[in-house]
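Chemist: Quick one, fold the following:
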Amino acid sequence: MDDARLQAYEPAPGAHAYTAFMAWLALYGSEAEVAAGFLVNFAAWGANCGRMGRALRDRYGLTEKATAFFDLFAAPPAEFEGQAMAVVAGGLARGVDPRLIKRAARLLQGYEKLYWDTLHALSGA
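Modeler: All right, here's what the predicted structure looks like:
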């Protein structure tokens, strides 16, 4: 962006809702809520990153080096699921309300969808 466009830019709320909720959750939620949210959300995020990387290479001829970010996040580390499940189990054992854990995962997933829907709407497609 040139300086004039950068100064005129206004953020789209839907593109920032995910990060705003994640910051809220980090401050006010339990570790079990954060872990459950990421456990559910990383699958969707990874699938979207994988599709984006492939599309950028196939449709626009970008190199693997140029799409490395998307490829990196296309799948979580192999040990992530087990570690996240252990954090959730530990939270439940300490009395974290299961309803809050489920809510955190549902909201994070919803904000992920809102992010992608916002980008699509702003693209004019």
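
Chemist: which one is M22 nearest to, not counting chain neighbours?
Modeler: Among residues not flanking M22 along the chain, L108 sits closest, at 7.1 Å (Cβ to Cβ, 6 or more residues apart in numbering). C-beta here means a position set from N, CA and C on the backbone, and glycine is covered the same way.

Chemist: dump the residue contacts of the one you found.
Modeler: For L108, the contact set (Cβ atoms under 8 Å, 6 or more residues apart in numbering) comprises 18, 21-22, 25, 37-38, 40-41.

Chemist: count of neighbours near L39?
Modeler: By the measure other Cβ atoms under 10 Å, the count of residues near L39 is 20.

Chemist: Against L119, how distant is it?
Modeler: According to Cβ to Cβ, to the nearest Å, L39 and L119 sit 24 Å apart.

Chemist: so which strand or helix has L114?
Modeler: According to DSSP states H and E, L114 maps onto helix 98-123.

Chemist: List the buried residues for that helix?
Modeler: Neighbour-count burial for helix 98-123, with 16 or more other Cβ atoms under 10 Å as criterion, is recorded at 100-101, 104-105, 107-109, 111-112, 114-116, 118.

Chemist: Phi first, then psi, for S30.
Modeler: phi -90, psi 160 (degrees, to the nearest 10).

Chemist: hang on, it packs against L100?
Modeler: Yes: with contacts counted by Cβ atoms under 8 Å, S30 reaches L100, the gap being 7.1 Å.

Chemist: Counting neighbours, what do you get for A68?
Modeler: Neighbour tally, A68, other Cβ under 10 Å: 11.

Chemist: Please report how far it lies from A44.
Modeler: 20 Å.

Chemist: now the host helix or strand of C49, how far from the chain's geometric center?
Modeler: Secondary structure assignment for C49, by DSSP H and E: helix 31-60. Mean-position distance between helix 31-60 and its chain equals 7 Å (Cα atoms, centre = their mean, to the nearest Å).

Chemist: Fine by me, thanks again.
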